[in-house]
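Student: A predicted structure for the sequence below; I have some questions about it.
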Amino acid sequence: MNNESFGLAFDIVEGIVNYSCMGLVIVTIPIYLVVVAVLFFEKHSHSINNVFFTIYLIGGLIDISAMFNNYFGSIFPAKGWLLWYYLSSPTTGRIYLMIAWGTRMSQGCTVLLLAFNRTTAVLRPTSYGKFWTQRVGRAAIAFQIIPGILYGGILSFTELFWQQKSNGGWYIQFGDPVFRLRYFAASFVFQSILLFLIAGNYVIVLLFFRVKYGLAVLPSDARSQRLFKDKQKQEKRLVYISMIVCTLEIICFFFSVYFFVINTTVNTRVFYLIYNGMNDLYAATPPYLLILFSTPFKRNLIKFLGLEVSDRSSTGTVPVIRIQQSTPDAHSHHKRDVTVSAVGDS
């Protein structure tokens with residue numbers, strides 16, 4: 001990657017992007033930690049006790065690791081901070097690259113698993129629990145973690161060195177250009193396969209919803225109408241999540257196409273500016289998707305934070321927050337809705 005200088009304008013843009021992303025990460029990490037804590041400590045809750053949320057939990061730990069690594073391994077030395085530590089050995093940069101490439105592989109595997117999980121949930125809801133057994137869940141976790149460890153571990157066998165750029169910052173570099181080219185090409189192939197599989201899963205899901213509900217006749221009784229409308233809301237939430245996730249994957253794909261295939265000699269500062277911003281956006285998005293679009297998770301989040309509101313009725317009873325509370329039948333129906341939502345709702 002060449003080392004040409006871009007002047008003051010690029011320095012300003014670089015600073016704005018870096019500090020804006022830093023602000024996003026500072027806000028997001030505490031929120032993400034709370035999300036992960038809810039998924040872990042409330043994992044036996046009926047509404048989120050399934051493999052989907054376990055996959056999301058592991059993905060959250062991966063995302064948090066990616067954000068920390070991005071700043072402590074890349075942005076800090078690029079800013080000239082703690083150079084006494086970073087420049088002490090290429091190993092410090094090697095650790096950063098191993099975690100960065102490994103977590104990116106694991107993030108892609110996580111998104112693919114979530115997409116496949118949603119597909120099985122909406123296509124075969126009655127067989128969902130039979131398919132996603134504890135053994136399959138453990139295999140899913142292994143699929144999230146092991147490929148990332150192996151892919152990042154490959155970097156322990158290549159030469160790396162620190163290089164100072166025109167802004168005075170230090171960046172870790174590949175010492176073997178042939179290895180770098182092959183490694184980037186492998187990343188491009190990986191991104192291509194992921195995008196194809198993820199997009200395929202979401203196309204199947206959206207077509208399923210369109211066929212099932214597009215020509216459906218609204219039921220006549222009020223109870224069936226409520227169920228029908230709840231499933232329509234679930235469809236909308238799924239569309240929102242799929243659009244956002246697919247958009248992030250498409251961004252990563254075009255990043256791979258340009259930097260790993262078309263222009264492999266791009267300026268180092270430009271590469272890391274775009275890469276770091278994309279990495280922060282990708283890693284910071286999942287907790288907000290879960291909070292905004294998953295009703296079961298929001299209920300457990302409120303319970304975990306102790307913010308559950310109780311409205312004292314005229315009889316002196318203190319009911320727990322529920323969507324439906326009018327009759328015992330409605331309450332029982334609500335429980336069945338939660339079960340469906342926990343499988344298909346994300």
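Tutor: Structure received. Keep in mind that what you see is a predicted model, and the values were worked out from it rather than measured.

Student: Give me the spatial nearest neighbour of Asn117, chain neighbours excluded.
Tutor: By the measure of CB to CB, 6 or more residues apart in numbering, the closest residue to Asn117 outside its immediate chain neighbours is Phe52, 4.9 Å from it. For glycine as for every other residue, the C-beta is placed from the backbone atoms N, C-alpha and C.

Student: Test my guess that Ile154 contacts Arg182.
Tutor: No. Assessed by CB atoms under 8 Å, Ile154 is found out of contact with Arg182, at 10.0 Å.

Student: Which of these two has more residues huddled nearby?
Tutor: Between Ile154 and Arg182, counted using other CB atoms under 10 Å, Ile154 has the larger neighbour count: 15 against 12.

Student: Figure out the helix or strand that the closest residue to that one other than its chain neighbours lives in.
Tutor: Spatially, and ignoring its direct neighbours in sequence, Ile154 is nearest to Tyr183 (7.2 Å; CB to CB, 6+ apart). Using DSSP states H and E, Tyr183 sits within helix 177-214.

Student: Thought Thr119 was touching the residue nearest to Asn117, still the case?
Tutor: No. Phe52 is beyond contact range of Thr119, at 11.4 Å (criterion: CB under 8 Å).

Student: Spell out the residue ranges of the strands in the stretch 101-250 of the chain.
Tutor: Along the stretch 101-250 of the chain, the stretches classed as strands by DSSP state E, counting those that start in this stretch are 160-164, 170-174.

Student: which stretches of the stretch 1-150 of the chain aren't confidently modelled?
Tutor: 1-6, 46-48 (pLDDT under 70).

Student: if we go to 90?
Tutor: Counting by pLDDT under 90, the stretch 1-150 of the chain contains low-confidence ranges at 1-19, 40-54, 56, 73-75, 78-92, 104, 107-108, 111-112, 114-137.

Student: and Phe52 and Thr119? which has more neighbours close in?
Tutor: Neighbour count, other CB under 10 Å: between Phe52 and Thr119, Phe52 has more, with 24 against 17.

Student: now the more buried one: how far from Leu113?
Tutor: Going from Phe52 to Leu113 by CB to CB, to the nearest Å gives 9 Å.

Student: Pro77 should be in a helix, yeah?
Tutor: Yes. Judged by DSSP: H, G, I helix; E, B strand; the rest coil, Pro77 forms part of a helix.

Student: Verify the contact between it and Gly168 for me.
Tutor: No. Judged on CB under 8 Å, Pro77 makes no contact with Gly168 at a distance of 10.7 Å.

Student: Who has more neighbours out of these two?
Tutor: More crowded of Pro77 and Gly168, by other CB under 10 Å: Pro77, with 23 against 9.

Student: Enumerate every residue touching that one.
Tutor: 83, 86-87, 93, 162, 169-172 (CB atoms under 8 Å, 6 or more residues apart in numbering).

Student: Going along the chain, name the helices of the stretch 51-200 of the chain.
Tutor: Under the criterion DSSP state H, counting those that start in this stretch, helices of the stretch 51-200 of the chain are mapped to 51-70, 76-78, 83-86, 90-123, 128-131, 134-153, 177-214.

Student: Make CSV from those and add distance to Asn18 to it.
Tutor: Below are these laid out as CSV (distance: least, CB to CB, whole Å):
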stretch, distance to Asn18
helix 51-70, 11
helix 76-78, 8
helix 83-86, 17
helix 90-123, 16
helix 128-131, 43
helix 134-153, 24
helix 177-214, 23
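
Student: can you tell which of the ones you listed is closest to Lys298?
Tutor: Closest approach to Lys298 among those is made by helix 51-70 (12.7 Å; CB to CB).

Student: Just want the angle from the closest one to helix 90-123.
Tutor: Between the axis of helix 51-70 and that of helix 90-123 there is an angle of 160 degrees, by axes from the mean of the first three to the mean of the last three CA atoms, to 10 degrees.

Student: on contacts alone, who are the packing partners of helix 51-70?
Tutor: Here helix 51-70 touches helix 8-41, helix 90-123, helix 134-153, helix 268-293, going by 3 or more CB pairs under 8 Å, 6 or more residues apart in numbering; DSSP states H and E.
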